[in-house]
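# no sequence on this one, just coordinates:
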Ligand code: SF4
Ligand code: SF4
Ligand code: SF4
């Protein structure tokens, strides 16, 4: 026998109150999704904070959205967030490498921050801070996808031992002619996420090397490297 549908009186919900409850539930779910304070294990790859920034909870508590770090950045890399840090983080600073990059010898944002949301670091300290990690997109990088020579990202990489290194490969063009190409790779231990490789990449519409927040020093949980030992 078919199951008798529940009458309205059994559920205790009128259509209007059901819709109101559903609406408020959806709004609550949305708020929970967009608030980084309640989703501490969810990391936005685009949320790259200035070097010296505190861990996210403390950063959001201290940052007063004054914009001083944005004004002082010499490459115009720092911009206000819209959605990237959730509702709690609106207008706080993040780096956009399509516009500018973090200059290797600069510590200005930490010097001007009035609240300590960005710690004041020496140049040497700042150069040890990872704000993210670069990834080569092999479906867009010229030596991978079009067999075209390009070493721009490696040329700009500022770390003393370059975080970008090349593998030499021999390829054949459509006529069967052999050609030796250098294909870039990123060493995640050396990459500090400065983003100059992304800014300067000649693939203009959407760079073939991009930096995400993974590996950022300020967040010990937002890491991705597996231990080299299988026993941890
Ligand atoms: S350290 Fe200098 S270049 Fe880097 S984000 Fe801060 S102000 Fe910009
Ligand atoms: S200078 Fe400091 S307080 Fe002001 S917006 Fe930047 S991080 Fe926030
Ligand atoms: S972000 Fe790019 S340029 Fe900067 S250290 Fe990493 S690989 Fe080098």
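Yep, that arrived. Because the structure is a prediction, the values reported are computed rather than measured. Numbers count the residues shown, from 1 in each chain. Ligands and ions are numbered 1, 2, ... in the order given.
# Buried residues in stretch 78-88, which are they?
78-79, 81, 84-86, 88 (16 or more other C-beta atoms under 10 Å). Quick note: C-beta positions are derived from backbone N, CA and C, even for glycine.
# Give me the subset of these that lies in helices.
Assigned to helices by DSSP state H, none of the buried residues of stretch 78-88 qualify.
# Tell me the one of those nearest ligand 2?
Using C-beta to the nearest ligand atom, residue 78 comes nearest to ligand 2 of the buried residues of stretch 78-88, at 7.5 Å.
# Report the contact partners of the closest one.
Residue 78 sits next to 50, 69-70, 93-95, 100, 109 when contact means C-beta atoms under 8 Å, 6 or more residues apart in numbering.
# Contact residues of the chain facing ligand 1?
50-51, 72-75, 77-78, 95, 102-103, 106-109 (C-beta under 6 Å from any ligand atom).
# Can you pull out the low-pLDDT segments for the chain?
The chain contains residues with pLDDT under 70 at 1-41, 227-232.
# Contact residues of it facing ligand 3?
Proximity of the chain to ligand 3, by C-beta under 6 Å from any ligand atom, involves residues 134, 156-157, 159, 163-164, 186, 191-197, 211.
# from the buried residues of stretch 78-88, which is closest to ligand 3?
Nearest to ligand 3 among the buried residues of stretch 78-88, counting by C-beta to the nearest ligand atom, is residue 78 at 15.8 Å.
# Which residue ranges of this structure form helices?
Assigned by DSSP H, the helices in the chain fall at 8-11, 15-34, 56-62, 68-72, 108-112, 123-126, 142-145, 152-156, 196-200.
# Can you give the contact residues for the fourth one?
For helix 68-72, the external contacting residues (C-beta under 8 Å, 6+ apart) are 50, 78-80, 93, 108-109, 111-114, 118.
# list the buried ones in that helix?
68-70.
# Relative to ligand 3, which of those residues is nearest.
Of all those, residue 69 has the smallest distance to ligand 3: 19.2 Å, by C-beta to the nearest ligand atom.
# State the distance from the closest one to residue 107.
As judged by C-beta to C-beta, to the nearest Å, residue 69 and residue 107 stand 11 Å apart.
# And for residue 196?
16 Å.
# number of nearby residues for residue 114?
12 (other C-beta atoms under 10 Å).
# Does residue 198 touch residue 212 like I think?
No: counting by C-beta atoms under 8 Å, residue 198 stays clear of residue 212, with 10.1 Å between them.
# between the two, which one's more packed in?
A count of neighbours by other C-beta under 10 Å puts residue 198 above the other of residue 198 and residue 212, at 25 against 19.
# which residues touch that one?
Taking C-beta under 8 Å, 6+ apart as the criterion, residue 198 is in contact with 97-98, 101, 134, 207, 209-211.
# List buried residues within those residues.
97, 101, 134, 207, 209-211.
# among those residues, which are in strands?
Counting by DSSP state E, the buried ones among the contacts of residue 198 place 134, 209-211 in strands.
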